[in-house]
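Q: Fold the following.
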Amino acid sequence: MAYRDILKNGIRTFDDLEKWLIGQKARVDRRLEQVIAKYPMRVNTYYLSLIEKVNDGIWKQAIPDVEELEHYMDLTEDPLDEEGDIPLGGPRTIIHRYPDRVLLFVSIECAMYCRFCTRKRKVGDDLKTPSKEDIMRGIEYIASHEDIRDVLISGGDPLLIANKRLDEILGALREIKHLDLIRIGTRVPCVWPQKIVEDQEFLEVLKKHIPRTLKDPQLFINTHFNHPNEITEQSYQAVKLLRQLGIPIGNQTVLLKGVNDDTDVMRDLVHGLGRMGIKPYYLYYADFVEGTGHFRTEINKGKEICRDLCGATTGFLRPVYVVDGQGGRGKVPVDLGYSEGISEDKRGGIITSPIGLGKVYVNDPIEKVEGKPLRHNPNRK
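A: Model (predicted):
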């Protein structure tokens, strides 16, 4: 099947899902129609083929769940306050949280819509597609701020935009003299590797933007594998092509209940990444996103897993466990003195912003509630 057909023939509507669930002899809950209406669904045929049984680690990431309609205390649509980090007056394609780094938002589309996505509020919503003009305004913003040395091209997934548009974006960024790094955040190597293997034009675009001298910004790819069953021969071939171009690849994993909240599963994952030549980078405590309460673990679980990996795997394959602090406080490495009280006997605790934005209490475990009350956080400054 041609790589484009893998997306075209996936499931996107409730009717698609109902037929597929019946084929899997799984129960069809009519409330899933409400879930899909609120949070768009796309599961391509390749990723569907990785599901081995109902509610396995692949199923949970891709197939909607009625739990997405439940309200949990402390969960919001934009827990990281990304909207608050958009520069005053725009451009709305820029999220500028860290002094020397920005995120450039270029797409609302993904090859597979993850049910735990931190941008459930906007990904898959065609009305929020950034225009070419908005993207170029974002690049002009980067060019006018010489303190910015690192740009993360994100979305959605940047590899879902047209090759010509990606080429234009990379070319414009490479012209900015004060940039050291250009990163692309993508899940395509994991969920749609055929795009990379079969789209020669795409590979030629990347090849154009590989640095030739130390003055050129280094191109990185950050990808996203969460479970060892996502590591396949197809994903390996895609990653191999990227590495042959000379692109360093890192991986960010989200800690998800029932998917990878187990040391053995995580060990298998990082070992598989190592075989592919990918450096495990972050293990994220799942963001406090509305509609994801059923994925949450105790905050100590990530510390426990990373501690268990010490001595049990190659040192550089052990990811850094981080909590992305509510309110845009930045990624907090909880093992580096930025947390208080996060332990087995006190599962919640206080995390301190590494970029000087105060402290916030992480309530653990979060509570399921009937409504969505307005709550004042006294720690927010």
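Q: quick one: pLDDT of residue 369?
A: Here, the pLDDT recorded for residue 369 equals 67.
Q: Touching, residue 35 and residue 63? I think so.
A: No: in this structure, residue 35 is not within contact of residue 63 by CB atoms under 8 Å, at 10.0 Å. Glycine gets a C-beta too; all of them are placed from N, C-alpha and C.
Q: Relative to residue 136, how far out is residue 208?
A: Counting by CB to CB, to the nearest Å, the gap from residue 208 to residue 136 is 19 Å.
Q: And those two? Which one has more around it.
A: Applying other CB atoms under 10 Å to residue 208 and residue 136 shows that residue 136 carries more neighbours, namely 15 against 11.
Q: which SS class is the closest residue to the more buried one other than its chain neighbours?
A: What sits nearest to residue 136 in space, not counting adjacent residues and going by CB to CB, 6 or more residues apart in numbering, is residue 172, at 7.1 Å. Following DSSP: H, G, I helix; E, B strand; the rest coil, the label given to residue 172 is helix.
Q: Check the contact between residue 172 and residue 137; I expect there is one.
A: No: in this structure residue 172 lies outside contact range of residue 137 using CB under 8 Å: 11.3 Å.
Q: which stretches of the stretch 201-350 of the chain form strands?
A: 218-223, 249-255, 279-285, 320-325, 330-333, 339-340, 349-352 (DSSP state E, counting those that start in this stretch).
Q: Off-centre distance for the first one?
A: For strand 218-223, the distance between its averaged C-alpha position and the chain's averaged C-alpha position is 14 Å (CA atoms, centre = their mean, to the nearest Å).
Q: now the angle from that strand to strand 279-285?
A: 50 degrees (axes from the mean of the first three to the mean of the last three CA atoms, to 10 degrees).
Q: Who are the contact partners of residue 257?
A: Applying CB atoms under 8 Å, 6 or more residues apart in numbering to residue 257 gives the contacts 294, 295, 296, 297.
Q: tell me the pLDDT at the nearest residue to the first one once chain neighbours are set aside?
A: Leaving aside its sequence neighbours, residue 294 sits nearest to residue 67 (CB to CB, 6+ apart; 3.8 Å). For residue 67, the model assigns a pLDDT of 96.
Q: ditto for residue 74
A: pLDDT, residue 74: 85.
Q: neighbours around it, how many?
A: 19.
Q: Check the one 5 residues further on too.
A: When neighbours are counted by other CB under 10 Å, residue 79 registers 19.
Q: And the strands in the stretch 1-150 of the chain, which stretches?
A: Counting by DSSP E, counting those that start in this stretch, one finds strands in the stretch 1-150 of the chain at the ranges 71-72, 94-98, 101-105, 150-154.
Q: Select, out of those, the one closest to residue 13.
A: Evaluated with CB to CB, the strands of the stretch 1-150 of the chain place strand 71-72 nearest to residue 13, the distance being 25.4 Å.
Q: List the neighbouring strands of the closest one plus their orientation.
A: When sheet partners are counted by DSSP bridges, strand 71-72 sits next to strand 368-369 (antiparallel).
Q: picking up where we left off before, ok, the residue nearest to residue 136 to residue 96 distance?
A: Distance of residue 172 to residue 96, given as CB to CB: 18 Å.
Q: ditto for residue 307
A: 34 Å.
Q: tell me the helices in the stretch 251-381 of the chain, going along the chain?
A: Here the stretch 251-381 of the chain has its helices, by DSSP state H, counting those that start in this stretch, at 263-276, 300-309.
Q: what's the closest of those helices to residue 227?
A: helix 263-276 (6.4 Å).
Q: Touching that closest one from outside, list them.
A: Contact partners of helix 263-276, identified using CB under 8 Å, 6+ apart, comprise 57, 225-228, 231, 235-236, 239-240, 251, 253, 259-260, 279-280, 283, 304-305, 308-309, 312-314, 317-319.
Q: Could I get the pLDDT score of residue 259?
A: If you check residue 259, the pLDDT there is 98.
Q: Share the number of residues neighbouring it, please.
A: Residue 259: 23 surrounding residues under other CB under 10 Å.
Q: Ok, residue 65 next?
A: Using other CB under 10 Å, residue 65 has 19 other residues around it.
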